[in-house]
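[1] heads up, no residue letters with this:
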């Protein structure tokens, strides 16, 4: 699981598929989604996974118009291919990832 910042973000997203979790420590639904994303990062080795703390990286939240958290973005070669807002079960998130990549 990568910790994404304005310094490393562009380099990490420029190639391949990466799931980016926008979160904050004070956000209840974010704390529910965090372990789900961690588990998927261990299971889905073909994807990269990263987290953006919106309190520490407000410019990244602004760049992607993140208005509510948790927001999960799926990027392929630097472009957003899907996004979703709110907590989800592992199965739901995995289905969303797989269907978004195939689309």
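    Yep, it's here. Please read all numbers here as calculations on a predicted model, not as lab measurements.
[2] Packing partners of the helix ranked longest in the chain?
    Secondary structure assigned by DSSP state H gives helix 28-43 as the longest helix of the chain. Helices and strands touching helix 28-43, by 3 or more CB pairs under 8 Å, 6 or more residues apart in numbering; DSSP states H and E, are strand 17-23, strand 48-53, helix 90-102. Where C-beta positions appear, they are placed from N, C-alpha and C, glycine not excepted.
[3] and it, what's its mean pLDDT?
    Mean pLDDT, computed over helix 28-43, is 96.
[4] Centre-most residue in the chain?
    residue 20 (1.9 Å; CA atoms, centre = their mean).
[5] ok, what's across the strand from that one?
    Beta-bridge partners for residue 20, by DSSP bridges, are residue 50, residue 73.
[6] Relative to residue 26, how far out is it?
    Distance of residue 20 to residue 26, given as CB to CB, to the nearest Å: 19 Å.
[7] Done for today, thanks.
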